[in-house]
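> Fold the following, please.
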Amino acid sequence: MTFLDKLAAAQQKNGSLLCVGLDPEPAKFPGQFKGDASRIFDFCARIVDATADLVIAFKPQIAYFAAHRAEAQLEQLMEHMRRNAPHVPTILDAKRGDIGSTAEQYALEAFERYGADAVTLSPFMGFDSVAPYLKHEGKGAFLLCRTSNPGGSDLQGQRLADVEGQPFLYEHVARLAQGPWNLNGQLGLVVGATYPAEIERVRALAPTVPLLIPGVGAQGGDAMATVRAGWRADAPIIVNSSRAIIYASSGEDFAEAAKAAARTTRDALEAAKAAKP
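Residues are numbered from 1 along each chain as shown. Model (predicted):
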C-alpha cells in the first residue's frame, strides 16, 4: 500500500483531515512524566492511543527526540504506531535537505530505520536532493513550500527573475512538485495555515498533490479558512496541530484531554469541508 493509499484509507476510516504532531518536550509533560526525558515514549504512546481513531496521520518531529537522546524511543514509538494504529500513516518531520550519498542515508534513516510512510524535505538544493527519497517505492515526501513562520517570506516570497512570469519562489516549488519532479506521484507540499491566500494559490498551481498544512491551533491558523483554501475532493489535505492537542492538559488526564481537543479540531475541519461550496 502506498502512502497515498494509506492516507485515503485513514481519511475514510476516521473521517478526518487532522494530523496530530508529536513534539515531546519533557518540561511540558504532565504529572509524573514532567521533566523526565526517559518517558518520551510513554507520553507519546498515550497520545497516539487516545487519538488514533480521530486522525488522518501522525507527525513526529525528529528534533524533539534527538535533542534528548531519545532516538531509540522514536524507533519504539514508530513500531508502536505500526502495531496499534496500522491504518494511520506516519510523517517523519525531519526537513532534510542534502545531495548524493548523504541524501540516500537520510532516506534510509526515515524509511528503513524509523519506518515512516513519508518525510518532510527542504527543496533548496534542487531535485538531486529529493530524488533519493523517491527511489523508495510507495513512500511520500513533502517539500517545504510556503511555511507558517513569518521569516518564510525572506526567501519563499521572493520573485525569480529568470523564470517565465517571475513567480514567487514558493509558486515555483509548487509547480515543480505538481509537474517535472513528481515522477511517481510521491510528492506533497508543506503550506502553513497562517497564510490561507497562499494555500489557495498553491492549490491552484498544484491541484492534485497532498498538502501538509501546519499551524492550526497554537500558531493561530484558522480551520475554516484552511479547508476552504486547500481542500478538494480529489486532492488531500493533512492539517496538523501539535501543541494545542498534546498539551491540552497539564494533569493526569492529559491523554483524555488530547482526545477531546483532537475531536473538537477534527469536527471543526469536517464542518468546514461540509460548508465548502
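> Could you list the buried residues of the lowest-mean-pLDDT helix or strand in the chain?
For the chain, counting by mean pLDDT, DSSP states H and E, helix 223-230 ranks last in confidence among helices and strands (a mean of 85). Within helix 223-230, the residues that count as buried by 16 or more other CB atoms under 10 Å are 223, 225-230. Bear in mind the C-beta positions are built from the backbone N, C-alpha and C, glycine included.
> now the strands for the stretch 51-200 of the chain?
Secondary structure of the stretch 51-200 of the chain, counting by DSSP state E, counting those that start in this stretch: strands at 57-60, 91-96, 118-121, 140-146, 187-191.
> now the ones you listed in JSON lines, with mean neighbour count?
What follows is those, written out as JSON lines (neighbours: other CB atoms under 10 Å):
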{"stretch": "strand 57-60", "mean neighbour count": "27"}
{"stretch": "strand 91-96", "mean neighbour count": "23"}
{"stretch": "strand 118-121", "mean neighbour count": "26"}
{"stretch": "strand 140-146", "mean neighbour count": "26"}
{"stretch": "strand 187-191", "mean neighbour count": "28"}
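> want to try a markdown table for the ones you listed, with distance to A9 as columns?
Shown next, in a markdown table, are these (distance: least, CB to CB, whole Å):
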| stretch | distance to A9 |
| --- | --- |
| strand 57-60 | 11 |
| strand 91-96 | 15 |
| strand 118-121 | 14 |
| strand 140-146 | 14 |
| strand 187-191 | 16 |
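> isn't there a helix covering A271?
Yes. Counting by DSSP: H, G, I helix; E, B strand; the rest coil, A271 is part of a helix.
> count of neighbours near it?
Residues lying near A271 (other CB atoms under 10 Å) number 13.
> cool, L169 as well?
20.
> what does the one 5 residues further on give?
By other CB under 10 Å, the residues close to A174 number 27.
> again, but for L212
Neighbour tally, L212, other CB under 10 Å: 26.
> Kindly indicate whether it is helix, strand or coil.
strand.
> Contact partners for it?
L212 makes contacts with 19, 59, 91, 120, 142, 188-191, 237-238, 240, as judged by CB atoms under 8 Å, 6 or more residues apart in numbering.
> who's it bridged to?
Per DSSP bridges, the residues bridged to L212 are V190, I238.
> and it, how far is that from E256?
27 Å (CB to CB, to the nearest Å).
> Check E104 too.
When E104 is compared with E256 (using CB to CB), they lie 43 Å apart.
> Please apply the same query to A177.
38 Å.
> Could you check which of those two is surrounded by more residues?
A177 (26 against 14).
> show me the residues around the closest residue to that one other than its chain neighbours that make contact.
Using CB to CB, 6 or more residues apart in numbering and skipping residues adjacent in sequence, the residue nearest A177 is L187, 4.6 Å away. L187 is in contact with 130, 134, 140-143, 177, 181, 209, counting by CB under 8 Å, 6+ apart.
> if I pick the closest residue in space to A197 that isn't next to it in sequence, what's in contact with it?
Of all residues not flanking A197 in the chain, A229 sits nearest, at 7.3 Å (CB to CB, 6+ apart). Listed by CB under 8 Å, 6+ apart, the contact set of A229 reads 196-197, 199-200, 203.
> Please, where are all the helices along the chain?
Counting by DSSP state H, the chain has helices at residues 3-14, 40-51, 62-66, 71-84, 100-108, 131-134, 153-156, 169-178, 196-205, 223-230, 243-246, 254-275.
> By mean pLDDT, show me the worst of those.
Lowest mean pLDDT within the helices of the chain: helix 223-230, a mean of 85.
> what's the angle between that one and helix 254-275?
50 degrees (axes from the mean of the first three to the mean of the last three CA atoms, to 10 degrees).
> Can you check what angle separates the least confident helix or strand of the chain from helix 196-205?
30 degrees.
> Do I have it right that T194 meets S148?
Yes. Applying CB atoms under 8 Å as the test, T194 and S148 come out as touching, 4.6 Å apart.
> Between these two, which is the more surrounded one?
T194 (23 against 20).
> where's the more buried one relative to S153, distance?
Taking CB to CB, one finds T194 at 11 Å from S153.
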